[in-house]
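Student: A predicted structure for the sequence below; I have some questions about it.
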Amino acid sequence: MQPVVAIVVAAGSGVRLGGGTPKALRLLGGHPLVWHSLRALADGGVKGAAVVVADGLESEFRRHLADVPIPVTYVLGGAERQDSVLAGLEAIASGAWASRFVLCLLYTSRCV
C-alpha cells in the first residue's frame, strides 16, 4: 500500500479570529494548533506533510514543529487558498513522497 501524505494549509492570517497571530499558530495546551494537527496525522498513519505557510513565517513554524514525529516540508502559500493547496500538491509531487493518497487540512472558520 502506498503511503498517505498530507497538505496542511496554514498560510492564512486568521484575521476573523483576531489577535494578530495566524490561526495555525494559536496555542492550545502549550502547542500551536498546527502541532496538534500534525501529531494527529502522524498517529493516524500519515507518513509526511507539506505545511503551507505565509511569507516570512517559515522559521516560526519550524521552531514550533521541531518535534513532530513525521517529516515536514515547508511551502510558501499563494495569494488565494486554492493557490496554496496547489503549491502543497506540487511540493508533494516533486518531493520524496510519491503517493496517490493525499489528505488536505485547511484552517478555516467557514464550511463550504
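Tutor: Structure received. Numbering: from 1, shown residues only.

Student: SS state for Val85?
Tutor: Using DSSP: H, G, I helix; E, B strand; the rest coil, the structure places Val85 in helix.

Student: what do you get for Val75?
Tutor: Following three-state DSSP, the label given to Val75 is strand.

Student: can I assume it is in contact with Gly88?
Tutor: Yes - under the criterion of C-beta atoms under 8 Å, Val75 makes contact with Gly88 at 5.6 Å. Backbone N, C-alpha and C define where each C-beta goes, glycine included.

Student: anything in contact with each of these two?
Tutor: 50, 52 (C-beta atoms under 8 Å, 6 or more residues apart in numbering).

Student: Met27 pairs with what?
Tutor: In this structure residue 27 is Leu, not Met. Under DSSP bridges, the beta-bridge partners of Leu27 are Pro32.

Student: Count the residues that sit near it.
Tutor: For Leu27, the neighbour count with other C-beta atoms under 10 Å is 11.

Student: and if you look at Ser59?
Tutor: Neighbours of Ser59 using other C-beta under 10 Å come to 10.

Student: do the same with Ala66
Tutor: Other residues close to Ala66 by other C-beta under 10 Å number 9.

Student: got it, and Ala6?
Tutor: Residues near Ala6, counting by other C-beta under 10 Å, number 27.

Student: One more: Ser99?
Tutor: Counted with other C-beta under 10 Å, the neighbours of Ser99 add up to 17.

Student: Would you check that it makes contact with Val5?
Tutor: Yes - using C-beta under 8 Å, Ser99 is in contact with Val5, at 4.9 Å.

Student: What's the separation between Tyr74 and Asp55?
Tutor: Distance of Tyr74 to Asp55, computed by C-beta to C-beta, to the nearest Å: 11 Å.

Student: Perfect, that will be all.
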